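In: Predicted coordinates and the sequence they were generated for:
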Amino acid sequence: MSPARQGTPVADRVATTRSGPGRPGRGRSLAAAAVLVVVLVLLLAASVLVGSRPVPPDRIPGLLLGTADADLLALVHEVRIPRTIAAALVGAALAWAGTLMQAMTRNPLAEPGILGVGSGAAFAVTIALSWLGVHSALGIAMASVLGAAVMTVVVLALGLRGSADGSRLILAGVAFSMTISGVQLGITLLDPRALDAMRAWSAGSLATPDPAVLTISLPLLAVGATIALLLRRPLDALSLGDDLARSLGSHPLRTRGGVAVAAALLVGAATAIAGPIGFVGLIVPHLVRPFTGPGTARVLLVSTFVGAALTLAADIVARIALWPGELPVGVVTAAIGAPILLLIIRGRR
């Protein structure tokens, strides 16, 4: 058998992975993309206009022209627009992190917190609140990013040592996550003030995003997204199995390490902005793949819009569910995400 003939099955499997078996037609994909863009634009507009003080329709021209009342302009420019940007960034970042984790582990139930990044951030925030007396939004965000970074370094150092299949990486993340979560719980129970502060933070909130926090989070999101894009083809190769990935010139160990770093940056930045928000990274890839196929690049692209739209919708619901009060957005994403996940599971049966 000729070498070209021997290589045909591998080439066919790579082509199948990139195009996706039963991949939807281009027309259906374009239609879905157009609908997503329209929905996202509508949600962006609604996020600016809806809240404890709704913007009446007759005030919209004044907002666009800058001739509205000063207090209304301040509300929109200083609160609503930063909140809208924060929600879109957090949703997109968590969706990308979930896509990366599911592609790396080849597990549809993998989610961004599987490496313990969120637990590391929560532990650092607990230390900052309880022992260091940090209460500013910027200080808490910096503690969150630092905790996520330290947890990532520890998990990578132990989880990738002498292992290329990623199992030790996941086990190290789960083990450290459970350990520091127990220590964190003990600290908060001994400090009632820290417990109250952590209760509010751990629910996830976009109510008052700090511009300084957004400023320090943007570079982290940019670096994480860049690493993710560089890993899109190695992840496609990894989906064929480690042996075939190596035969195609990919390095599974480096790919998994890069995915862990990218996910840590994305989740760390999102957690710094809004606190821990669940379900977005888990369910968005499932919503996207029926329209894109399994190719990592396509899933990442469409997940950007779906993750942003889902988080924006959850934030809008959080504002009006207890009007004029608010719910934490993390509570709403859990309430929305759990039924969607059950429907996805039922549809796969």
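Out: That came in fine, so what should we check first?
In: Pop the domain breakdown of the chain in here.
Out: Per automatic domain parsing, the structural domains of the chain span 25-77, 86-348.
In: As JSON lines, these with mean pLDDT would be great.
Out: Output for the domains of the chain, formatted as JSON lines (pLDDT from 0 to 100):
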{"stretch": "domain 25-77", "mean pLDDT": "84"}
{"stretch": "domain 86-348", "mean pLDDT": "87"}
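In: looking at those domains, which is buried most?
Out: domain 86-348 (a mean of 20; mean count of other C-beta atoms under 10 Å). Placement of C-beta: from N, CA and C, glycine included.
In: What segments of the stretch 51-200 of the chain are helices?
Out: For the stretch 51-200 of the chain, the helices defined by DSSP state H, counting those that start in this stretch occupy 60-65, 70-75, 81-105, 117-130, 137-159, 167-190, 192-202.
In: what's the angle between the third one and helix 117-130?
Out: Read it as helix 81-105. Angle of helix 81-105 versus helix 117-130, following axes from the mean of the first three to the mean of the last three C-alpha atoms, to 10 degrees, is 130 degrees.
In: Which elements pack onto helix 81-105?
Out: With contacts defined as 3 or more C-beta pairs under 8 Å, 6 or more residues apart in numbering; DSSP states H and E, the packing partners of helix 81-105 are helix 26-49, helix 211-230, helix 232-238, helix 252-274, helix 280-292, helix 296-320.
In: Out of the ones you listed, the one nearest Trp131 is which?
Out: Nearest to Trp131, of all the helices and strands packed on helix 81-105, is helix 252-274, at 19.3 Å by C-beta to C-beta.
In: Go through the helices of the stretch 51-200 of the chain and name the closest to Leu343.
Out: Closest to Leu343 of those, according to C-beta to C-beta: helix 81-105, at 17.2 Å.
In: ok, Ala128 to Ala194 distance?
Out: To Ala194, Ala128 is 9 Å away according to C-beta to C-beta, to the nearest Å.
In: Can you name the residues that contact the residue nearest to Val150 when sequence neighbours are not counted?
Out: Of all residues not flanking Val150 in the chain, Gly120 sits nearest, at 6.1 Å (C-beta to C-beta, 6 or more residues apart in numbering). Going by C-beta atoms under 8 Å, 6 or more residues apart in numbering, Gly120 touches Gly147, Ala148, Ala149, Val150, Met151, Thr152, Phe176, Ser177, Ile180.
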